[in-house]
Every structure is written in C-alpha cells, then in structure tokens.
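**Q** Quick one: sequence plus predicted model below, questions after.
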Amino acid sequence: MDALPTVLLKPGEADRVVAGHPWVYQSSILRLTQPAGDGALVQVKDHRQRFLGVGFYNSKSKIHVRMLSPDRVSVDEAFFRQRIRAALEVRIKHLPGATSFRVVNAESDFLSGFIVDKYEDVLVLQTSSVGMEQRKPMIVSALQEIFSPRAIIERNDIASRKFEGLPDASGVLAGELASPMAALQAQLNGLKFEVNLFGGHKTGLYLDQQTNYRRVAELTGRGQVLDCFSFLGGFALHAGRAGAAHVHAIDQSEEAVAVAARNASANGLSENCSFETANVFDWLKARTAAKPHEKVVPHFDSVILDPPSFTRNRASVPDALRGYKEIHLRALKLLKTGGALATFCCSHHVDASMFQDVILAAAFDARRVLRRVATYSQSPDHPIIPVIPETEYLKGFAFEVIR
Ligand code: SAH
C-alpha cells in the first residue's frame, strides 16, 4: 500500500475528507509524492502526513481524487462485490419487494463515478470517472456474480463523462438481449412500465420517484387529475389505479406520450387515463388566460407538477424560479377548493425552502391559501448523505387548497 502514489493535501483541506465527502479538488492538493496515472488508486494524506484514505486519481477532472475508503483497502473484484452487496442491502431494507431500483448511486454509496440500475433481470451501468471506467470488467464480473442478470448494458452517453475526458459509449457488456433495442417491461409498485434502455431519460425510468408515486396516489386517487410533465405516466397511472375518475397527462415528448399511453393500456387503465403531447407552459396558459371580466373555472381535484430541472447552474436560478412560479400560479388557478397539488423540484440549486417560497408567491398571486399535507424526497435507493450535499436533489410537497 505504501507503494501507492501519495496525494498530500494543503493545510485546512482534510476536514471535508475526514467528514466523509469523497471529492478532493485540484485546488486542495499540495503535491503528489510521485506521478500518478489517470484512474490509478492513490492514498491521500493531510499536510502532516496523516493517512485519510484511498481513492481514484484523475488529473483531467477538476475533482482530482474521488475517495473510496478511509481504510487501506485493495480495490479489486472482491472490493466491488462487497460494496455492491452493501448497497443492495440498503435497498432491500428500505424498498422491500421492489424489483426495479437503483442498486448503486455513486456518492450516495461512496462509489463516486459508478451507477447501476436494475430493471427486473437487466442491469444498466454508468461509469463517469476514469477510475471506474478502467475497472469496468471487474465491476461487470462482480455484478454477474451477485445478480446473475440476463444482461448488463452500459448507458455511458452522459454529459458528466466529458469532464473526465471519457467518450460516449452505450451497448451490451454482458449477457444477451433478444433485440438490444427492444423495450423491457419493468414493475414499479406493481404497475408495468415499458422501458427503452437505450433511448430513455436517465437509464430508462425516473426510479427516484418510485416511493413518491405511491404516496402521491394517496392524495390523487379521486376526481379529475392533471399530471404535468408526465413522461411515461408514472404519476398518472398510479393515480388512475388509486381510483381517479379521470387522469389527463401532458408531456412535450411525443415518444414519451406514446409509451405512456401503451403503459396505460398494459395496466388496464386506458379507460380513465388520457395523454397529450403539449408544452405544459402553453397548455396551462391557454386554460388560465382569462379576460378581466372572466373567471377561470377550476376543473381539477388534483394537479401534479414534476418538471425537469430548470437550472444547470447557480446563475440560472432566477430564471428557473420564474418558471416554477408560473406553472404553480396557473396550476393553482385550475385547482378546485379542497383540491391537492403535488409538486416536485429536482434542481440541486433550488432548495426546499426556496421552492416553497416560490409556491407561496404563486399562491398569493392566485389568492389561494394552502395547507401543506406532505413533504417528499427522492426514493431511498438514491440515499441522501447529508455530509455530501450533492446527494440531495429531489424535493416535493403536497398542498391542499383551503380556499
Ligand atoms: N414525472 C415523470 C418525470 C418527468 S421528467 C416521471 O415520474 O417519470 C420531465 C419531463 O418533462 C420529460 O418527460 C420531458 O419530456 C418533459 N418536459 C420538459 N419540458 C416540458 C415542457 N415545457 N412541457 C411539457 N413537457 C416537458
């Protein structure tokens, strides 16, 4: 282990690492005792030479070291088997009975640069650091031993790889898919969803909403429901199954809308679910733009808002807040008194209190008073490690309209 290149940190830079944050930025580093190749395992020490742990080095990334362990571990196949099993235990404990879920969520599982999603008997891998990329064969072999999956595919067409100097890649790494482009059927909370492993958002589904689908359905399972930014119909189908009289779902992606409609039919919910391709902003505007003497007639018993992140960085937060305010203002105008609004924000740069402030500003403008009846977070297969703030991104609320 002493043969490992050593990364020495500047004074004052060790605390973050000691606290459990896995990222060591270039600017925190005093020097290397010997050159390290990109992707190599290095040991990290503070400026007094105290050992802090081991991690993967990459000179091409702003994050020069991604810590893996505070101990002097060897990073071999046994290491990955043990870490993947530990991550799986967390999912089995917190998502009992689930068959499709995120098995490993990078920093949330102290495996920065490594994500695995399980869609029934198929695993989808993402490696977004050079260290993980180089160990892909080891990782695939560990996954085969633990899961004996039908196939393991990679969806490495993600933007974050560019920051590490890695090219895009996607394809089958192990096993076989009848037709690689064929859709797969995954179950979430007992509902069937068609997953396009090579073309879908994320790795196919928004697994981070799995728990919220169930919880939101407790409030949206009656009357007229509007699901905005519906993608493959996650919230819509859960509301439909829970007893809503009718659910109307809107997404701007024609392809997503087509799959959502097929999902409704596969679950026997075509009767009370309808799907429309439209821009949510335009759709809501068209139904809420009343002339001064007119009044918008509230039509819905519940509205779900689950937009994409409107922010890419801190600078775009003000624009994003305007977007959030607009959709909430219009959604509130369409909600009946006593109705429910379930709303989500997946931007890491907009925290829960900022998000609630925007909703309250919209409620003020719409002259509505709200009762908060639930708060939501990401599903437990995307664990939040408070000492790593980047692991927390999804927040949501449910409100009832008092008047
Ligand atoms: N609720 C979904 C996830 C939504 S992700 C689920 O649980 O699976 C965001 C979705 O918003 C994407 O499907 C994207 O196509 C859609 N979208 C983005 N901007 C939009 C807009 N302006 N109008 C309508 N849909 C939009």
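**A** On my side now, so go ahead. Residues are numbered from 1 along each chain as shown.

**Q** Select the longest strand from this protein.
**A** Criterion DSSP state E: the longest strand present in the chain is strand 335-345.

**Q** shaky segments in the stretch 251-400 of the chain?
**A** Counting by pLDDT under 70, the stretch 251-400 of the chain contains no low-confidence segment.

**Q** For it, list the residues in contact with the ligand, please.
**A** Contact residues (Cβ under 6 Å from any ligand atom) of the stretch 251-400 of the chain with the ligand: Asp251, Gln252, Ser253, Ala256, Asn279, Val280, Phe281, Asp306, Pro307, Pro308. (C-beta placed from N, C-alpha, C; glycine too.)

**Q** what two of these are the furthest from one another?
**A** Ala256 and Phe281 (16.7 Å; Cβ to Cβ).

**Q** Those two: who's more crowded?
**A** Shown here are Ala256 and Phe281; by other Cβ atoms under 10 Å, Ala256 has more neighbours (21 against 15).

**Q** so which helix or strand takes in the more buried one?
**A** Following DSSP states H and E, one finds Ala256 within helix 254-266.

**Q** before we move on, the earlier item: just the residues of the stretch 251-400 of the chain next to the ligand: which are in strands?
**A** Using DSSP E, the subset of those located in strands is Asp251.

**Q** ok, so of the residues of the stretch 251-400 of the chain next to the ligand, who is nearest Asn189?
**A** Asp306 (16.0 Å).

**Q** tally of neighbours for that closest one?
**A** Using other Cβ under 10 Å, Asp306 has 22 other residues around it.

**Q** Can you give me the end-to-end span of stretch 10-17?
**A** One end of stretch 10-17 to the other measures 12 Å (Cα to Cα, to the nearest Å).

**Q** Go ahead and confirm Val401 touches Lys333.
**A** No: using Cβ atoms under 8 Å, Val401 is not in contact with Lys333; the gap is 10.5 Å.

**Q** what's the neighbour count on Phe110?
**A** For Phe110, the neighbour count with other Cβ under 10 Å is 20.

**Q** Need phi/psi at the residue nearest to it when sequence neighbours are not counted.
**A** Closest residue in space to Phe110, ignoring its immediate chain neighbours: Pro22 at 6.3 Å, by Cβ to Cβ, 6 or more residues apart in numbering. Dihedral pair for Pro22: phi -90, psi 0, per degrees, to the nearest 10.

**Q** Number of residues surrounding Pro22?
**A** Neighbours around Pro22, by other Cβ under 10 Å: 25.

**Q** Ile152 - that's part of a strand, no?
**A** Yes: according to DSSP: H, G, I helix; E, B strand; the rest coil, Ile152 belongs to a strand.

**Q** Tell me if I'm right that it and Glu176 touch.
**A** No: Ile152 is not in contact with Glu176 according to Cβ under 8 Å; the separation is 10.5 Å.
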